[in-house]
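Student: build me a structure from this.
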Amino acid sequence: MRAIRATAAGGPEVLSLDDLDAPVAGPGQLLVQVAAAGVNFIDTYRRSGVYPVPFPHVVGSEGAGTVVSVGDGADGFAPGDRVAWSAAPGSYAELAVVPVRDAVPVPDDVPDDVAAALLLQGMTAHYLVTSTFPVSRGQVVLLHAGAGGVGLLLTQLAVARGARVITTVGSVAKERLSRAAGAHDVIRYTELDDLTRDLPEQVRALTDGRGVHTVFDGVGRDTFDASLASLRPRGGLALFGASSGPVPPVDPQRLNAAGSLYLTRPTLGHYVATREELTWRAAELFDAVQTGALDVRIGATFRLADAADAHRALEGRETTGKVLLVP
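Tutor: Numbering: from 1, shown residues only. Below you'll find the predicted structure:
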């Protein structure tokens, strides 16, 4: 099979299209023909060495496709079934081995590309608004990168729960996408002279000086200080990513001084720790797609051989919605 490997820690140039032996499904595993693989920031963190992984390794952890064969004890699935997953290493490939525990069935009327685009970012958005800082009617939330894959989904889910959503974006085109997803107010951070100073001022001007109940921040270093300064007393900041780089160490006394704030650094794995929680989150997302309540925007599709270009586009903030690789 063909697969994309990261040969060493580094930039997109370390990604190589290689011919490898086809994997075999072991006990409790499925061998899946990959229809589409999701491209996510976590893939770039592993490729660059920010998250330690062995090299070389086949990149990617998310995708959708059709089961080719099942290993011993892989109950509940059969060849020909369509499945999606968010945590199967080695998904930038024509064939992937997916543990049964991480595979979810894809409804007949949900296309493979939508399934591949939905799971990781959709479940991230789902756990943030339902579990980390549950969003309720009348709340005001601030969301960075409102036109990104998580941003568009999170906006829709938060609005559906009755929240007023303020987003930040980098262009007029991205503002249009964010507003179409339901954002009430959109701030173009590229027009601010000083993000740390000016963004909280604009947020407070939009909230009668009070600030927001919650900030969902997947950007990290560039937005962290502004995120904290945008919160009202006893507000919460969920730092769920670091697309601009990791946040330096934080003195907990800052949370006290700013109004008894809450700060957490969640990750998806802890919110799908059981099979029951995984299938609950996935089923709610698929149901929302089927009813038309959730729109999944696929912003760019690349050939498997062009994985390096996909990473460059994602890291260069040139993309909106979801980025996919198609073998």
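
Student: only C-alpha atoms for contact and neighbour calcs from this point on.
Tutor: OK.

Student: ok, residue 209 - contacts?
Tutor: residue 203 (Cα atoms under 8 Å, 6 or more residues apart in numbering).

Student: ignore what I typed, I meant residue 137.
Tutor: When contacts are counted by Cα under 8 Å, 6+ apart, residue 137 touches 161, 162, 163.

Student: got the contact list for the last one?
Tutor: So the one you mean is residue 163. Contacts of residue 163 by Cα under 8 Å, 6+ apart are 135, 136, 137, 138, 139, 140, 141.

Student: ditto for the second one
Tutor: Neighbour list for residue 162: 135, 136, 137, 138, 139 [criterion: Cα under 8 Å, 6+ apart].

Student: swap in the first one?
Tutor: Remark: with contacts taken as Cα under 8 Å, 6+ apart, residue 161 is in contact with 135, 136, 137.

Student: 10 Å instead, please
Tutor: Neighbouring residues of residue 161 by Cα atoms under 10 Å, 6 or more residues apart in numbering: 129, 130, 134, 135, 136, 137, 138, 139, 155.

Student: hmm, the second one is touching residue 122, no?
Tutor: Looking back up the chat, that one is residue 130. No - counting by Cα atoms under 10 Å, residue 122 is not a contact partner of residue 130; they are 12.0 Å apart.

Student: now do the shared contacts for the two.
Tutor: Taking Cα under 10 Å, 6+ apart as the contact rule, residue 130 and residue 122 both touch 157, 281.

Student: pick out whichever of these two has more residues nearby.
Tutor: Between residue 130 and residue 122, residue 122 has the larger neighbour count (other Cα atoms under 10 Å), namely 26 against 15.

Student: quick check: that one is in a helix.
Tutor: Yes - assignment of residue 122 by DSSP: H, G, I helix; E, B strand; the rest coil places it within a helix.

Student: residue 25 and residue 141: what is the separation?
Tutor: From residue 25 over to residue 141 the distance is 44 Å, taken as Cα to Cα, to the nearest Å.

Student: so between the two, which is more surrounded?
Tutor: Comparing residue 25 with residue 141 by other Cα under 10 Å, the one with more neighbours is residue 141, at 27 against 20.

Student: ok, what's across the strand from that one?
Tutor: Residue 141 has these beta-bridge partners by DSSP bridges: residue 165, residue 214.

Student: quick check, central residue of this structure?
Tutor: Geometric centre of the chain, nearest residue: residue 121, 3.1 Å, by Cα atoms, centre = their mean.

Student: next step: the contacts of residue 137 restricted to helices.
Tutor: In helices, judged by DSSP state H, none of those are found.

Student: who touches stretch 249-261?
Tutor: So stretch 249-261 is contacted by 213-214, 228-237, 262-263 (Cα under 10 Å, 6+ apart).

Student: do that again at 8 Å, thanks
Tutor: With contact meaning Cα under 8 Å, 6+ apart, stretch 249-261 is reached by 228, 229, 231, 232, 233, 234, 235, 236, 237, 262, 263.

Student: the first one: how many residues sit nearby?
Tutor: A count of nearby residues for residue 228, using other Cα under 10 Å, gives 25.

Student: got the contact list for it?
Tutor: Going by Cα under 8 Å, 6+ apart, residue 228 touches 237, 258.

Student: and the helix or strand harbouring it, what's buried?
Tutor: In the assignment (DSSP states H and E), residue 228 maps to helix 224-229. By 16 or more other Cα atoms under 10 Å, the buried positions in helix 224-229 come out as 224, 225, 226, 227, 228, 229.

Student: thanks again, I'm all set now.
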